[in-house]
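Asks: Starting from these lines, generate the structure:
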Amino acid sequence: MTIPGRGGFRTKGDALAGGAAVDLGGATLDRVNFPTPSAWRPDKELADQLQMLTCGSTVAGGTEQVVDHAGLDKIYGLYRLSPLLQPIIQALQDNVYAVGFSVVPRIDPDAEDAPKKVKEALSFEKVGEDFDADPEITDEEVEKEIARLRARIRNEKLYLERFFENCCSGVMSITRLCILVGQDMEVADSGYMEVIRNGITGKPERLDWAPGWSIRAKPIGEEYVVTPARKRLSPVRAEDGVDYRQFRSWVQIDWNGQVVGRYKDFGDPRCMSRKTGKHYRDLEEMHQNEIEWDTWENPDTGEQKLVGALPATELLQFSLPNAASSTYGLHQWSGGYPGVEGTRDLDEENQLVVTDQKIPQMMMFISGGRGIPKEDIERFKAEITQSEPGQRGIYIIQAAAQQYAGSGPSSDPKFHIERTKSEQHTDALGLLYKKDSYDQVRRMWRIPKVALGDEEGLNKATGDLMFRYAETNVYDPKRDIFVGPFNAALLPELGIECVQLRMQSRVPRDPEILAKIITGLVSAGVLTPDEGREFAGDIFNKDMRSLEGKWTKLPTPLLTAILQTKNQFVAAALLSNKENLLGQLESALLGDAAKAADAQKLGGNVQEEEENGPEDGPEPAAEEAGKKGSKPVKDREGVAPESDGEPEAG
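Replies: Numbering: from 1, shown residues only. Model prediction:
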């Protein structure tokens, strides 16, 4: 860089000597340049790779039109670098997508109101569309249906457990798969699962992750396709039916924007080529028309053979609701995009400040005479560039004088160093802007800051309240959105009709909270003492020894009510470890009840005799005396009463 010179400049020495004004030329300003985060980023290679085509994809010399997904490349780059997005998405991942499923029945056959619900379901099946009908449902029909329902629910639960254990291959699991799809949903509004069906049964057999950044949707087809579908007849039964649907296909592209494969919409019954995207009547027709064949080698025998083009598998889409697009969803942080990008740029600016690259530590001025030879300047610059970071920001300014024939004394080169350390910032810039952007993005997800590990200005009570708010208003709605495609699309294809999936909630691990929960559940009779000890093991991180005695298997309120009878036989049965506990309790309680009934009956007879007197027979005292063979009871004067019969033998 050259600073323009001023022609006709005379020095003080020239003026004293009466010399003419000379042109000293221009002052040269050399700067040692270094790569900074603004010019080079560690993720630049990744950013270049993410320059993916959003409006079309070149394949086989042509262009394949897809639905625009603008800005997808930049979105993933920001997610990788943003200090705001990662903790929020991590919180959603841990509390929504990594918690797993539970299988729940649509109607619980063991519930108290199960007969009523089953009867209503059977009645609705018979009514159909005749809303005035009132069919009669017998108790036998209800009991038979409950028995069928109980068996089917058990079998469907076992089937789903086996399916989700085996549906992923390699290191992939259903939990990891849900996490990856959930990340795509939160970062780029849509996540995708590849569904592979069994070639014999036609049911879904495998699930795999299709990276969201690589998927583009093609325009929806104009043709209405007759599609087999399972229609729900009642809460306890479904039947086969048909739908008329329009389907779209999907393309998958690589880092260079080239199409590498195609997918069908989930549920599309047509045969489509994964290579060309064309639809065929069946596999045989596709193999006859597809030109290219691939060589397949048997891993066991090493035998090679030609195989035709593979049919396209199906893609199950998970997206956040978006009324502005029927193709893609809408990520929640779209409105906070400027703040997300601005905070990242601000961090890079602050990095320059911290490493003293924004304002140099000093400036060296060289003036007078012919200056320093250029070789020395280059050597000096080289020494600076090889120094440690934080010591490189030095400007070298040389006033290069042109050779002239002037009068007066000559001057030697002069060095002047101007320190600029005082002008450097001592702290980061834009802290208020950064904090405001953080709060803005966090509010767009409605996540309290305590859920992100930020406890500033919060006490324990407020923190617990915020956690409950996040569980109810943030995590639960997202769980329902995520599990929706499973229940609406995947489970009917598996033949499931009596159960559905429900996302679980995160189990608290705080010992104090666990202790309160366990105490309340044991007191309410939900947990038995034995189950309470099992959960208490999580508090102390050890296996609690099981207590002996059958009383540990009974709910506390029931146990208290039984012990209040003060029956020793009942207490002995509860404290014993014998298997036939119910039989012992029944015998003890029935025996105690029989004794109580006999005592009550005897007490009633005695009271009646005292009130009315004996109807027949001798006095009780005389009868007792006769039984024992004792002497007659004397009267009050000590004289025995006279006998009506024979005199007593001496």
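Asks: Now do Thr343, the pLDDT please.
Replies: At Thr343, the model reports a pLDDT of 84.
Asks: residue boundaries of the helices in the stretch 351-500 of the chain?
Replies: Along the stretch 351-500 of the chain, counting by DSSP state H, counting those that start in this stretch, helices occupy 374-385, 431-445, 460-470, 476-485, 491-493.
Asks: Could you list the low-confidence segments of the stretch 251-400 of the chain?
Replies: Using pLDDT under 70 as the threshold, the predicted model of the stretch 251-400 of the chain has low-confidence ranges 291-297, 305-308, 354-362, 366-372, 383-400.
Asks: re the thing from before, quick one: which of the helices of the stretch 351-500 of the chain is nearest Ala312?
Replies: Closest of the helices of the stretch 351-500 of the chain to Ala312 is helix 491-493, at 16.6 Å (criterion: C-beta to C-beta). Glycine gets a C-beta too; all of them are placed from N, C-alpha and C.
Asks: Now do the buried residues in the closest one.
Replies: 491-493 (16 or more other C-beta atoms under 10 Å).
Asks: Tell me the one of these nearest Gly261?
Replies: Looking across these and measuring by C-beta to C-beta, the closest to Gly261 is Glu493, at 21.8 Å.
Asks: Excluding sequence neighbours, find me the nearest residue to the closest one.
Replies: With C-beta to C-beta, 6 or more residues apart in numbering as the criterion, Glu493 has its nearest non-adjacent residue at 5.5 Å, and that residue is Pro204.
Asks: Equivalent analysis for Met193, please.
Replies: Per C-beta to C-beta, 6+ apart, closest to Met193 is Leu316, 4.5 Å.
Asks: Check the gap between the one you found and Gly241 for me.
Replies: From Leu316 across to Gly241, the span is 21 Å (C-beta to C-beta, to the nearest Å).
Asks: Compare those two and say which is more crowded by neighbours.
Replies: The neighbour count for Leu316 versus Gly241, taken as other C-beta atoms under 10 Å, is higher for Leu316 (22 against 12).
Asks: May I ask you to confirm that that one is in contact with Ser190?
Replies: No - when contacts are counted by C-beta atoms under 8 Å, Leu316 is not listed as touching Ser190 (11.0 Å).
Asks: between these two, what contacts are shared?
Replies: Shared contacts of Leu316 and Ser190, defined by C-beta atoms under 8 Å, 6 or more residues apart in numbering, are absent.
Asks: Specify the local secondary structure of Lys264.
Replies: Under DSSP: H, G, I helix; E, B strand; the rest coil, the three-state class of Lys264 is strand.
Asks: Next, count neighbours for it.
Replies: 23.
Asks: just Gly77 next, same as before
Replies: Neighbours of Gly77 (other C-beta under 10 Å): 20.
Asks: So it versus Ala217, what's the distance?
Replies: Noted for Gly77: a distance of 21 Å to Ala217, by C-beta to C-beta.
Asks: Ok, Asp189 next?
Replies: Note on Asp189: its distance to Ala217, by C-beta to C-beta, is 12 Å.
Asks: now Leu72
Replies: 12 Å.
Asks: Stretch 81-89 - what's its average pLDDT?
Replies: Mean pLDDT, stretch 81-89: 88.
Asks: For the stretch 51-200 of the chain, just list every one of the strands.
Replies: Taking DSSP state E, counting those that start in this stretch as the test, the strands found in the stretch 51-200 of the chain are 56-59, 62-65, 101-105, 190-197.
Asks: Who are the packing partners of the third one?
Replies: Strand 101-105 is packed against helix 139-166, strand 499-503, with contacts defined by 3 or more C-beta pairs under 8 Å, 6 or more residues apart in numbering; DSSP states H and E.
Asks: And it, what's buried?
Replies: 101, 103, 105.
Asks: Quickly name whichever of the residues you listed is closest to Lys478.
Replies: Nearest to Lys478 among the buried residues of strand 101-105, counting by C-beta to C-beta, is Phe101 at 14.3 Å.
Asks: Check what pLDDT the residue nearest to that closest one when sequence neighbours are not counted gets.
Replies: In space, and not counting its chain neighbours, Phe101 is closest to Leu501: 4.7 Å by C-beta to C-beta, 6+ apart. Note on Leu501: pLDDT of 95.
Asks: Contacts only, for Leu501.
Replies: Leu501 touches 101-104, 160, 483, 486-487, 491, counting by C-beta under 8 Å, 6+ apart.
Asks: for Asp243, same thing?
Replies: Contacts of Asp243 (C-beta under 8 Å, 6+ apart): 226-229.
Asks: Tell me what it is bridged to.
Replies: Beta-bridge pairing of Asp243 under DSSP bridges involves Thr227.
Asks: do the one 10 residues further on as well
Replies: Following DSSP bridges, Ile253 is listed with bridge partners Val259.
Asks: wait, isn't it in contact with Ser214?
Replies: Yes - at 5.6 Å, Ile253 and Ser214 qualify as touching, with contact defined as C-beta under 8 Å.
Asks: between the two, who's got more neighbours?
Replies: Ile253 (22 against 17).
Asks: mind giving me the domain ranges of the chain?
Replies: Domain assignment of the chain by automatic domain parsing yields the ranges 2-31+359-423, 512-599.
Asks: Lowest average confidence across the ones you listed, which one?
Replies: Least confidently modelled of those is domain 2-31+359-423, at a mean of 56 by mean pLDDT.
Asks: so what's the nearest residue in space to Gly339 that is not next to it in sequence up against?
Replies: Spatial nearest neighbour of Gly339, chain neighbours left out: Ser437 (3.3 Å); criterion: C-beta to C-beta, 6+ apart. Taking C-beta under 8 Å, 6+ apart, we find Ser437 in contact with 84, 336, 339-340, 342-343.
Asks: Just the pLDDT for Ser437.
Replies: On the pLDDT scale, Ser437 is placed at 85.
Asks: and if you look at the one 4 residues further on?
Replies: The predicted structure scores Val441 at 87 on the pLDDT scale.
Asks: sec struct for the closest residue to it other than its chain neighbours, please.
Replies: Nearest non-adjacent residue to Val441, counting by C-beta to C-beta, 6+ apart: Gly336, 4.3 Å away. Assigned by three-state DSSP, the conformation of Gly336 is helix.
Asks: residue contacts, the nearest residue to Val236 once chain neighbours are set aside?
Replies: Excluding the flanking residues, the one nearest Val236 by C-beta to C-beta, 6+ apart is Ala121, at 4.7 Å. Counting by C-beta under 8 Å, 6+ apart, Ala121 touches 107, 145, 234-237.
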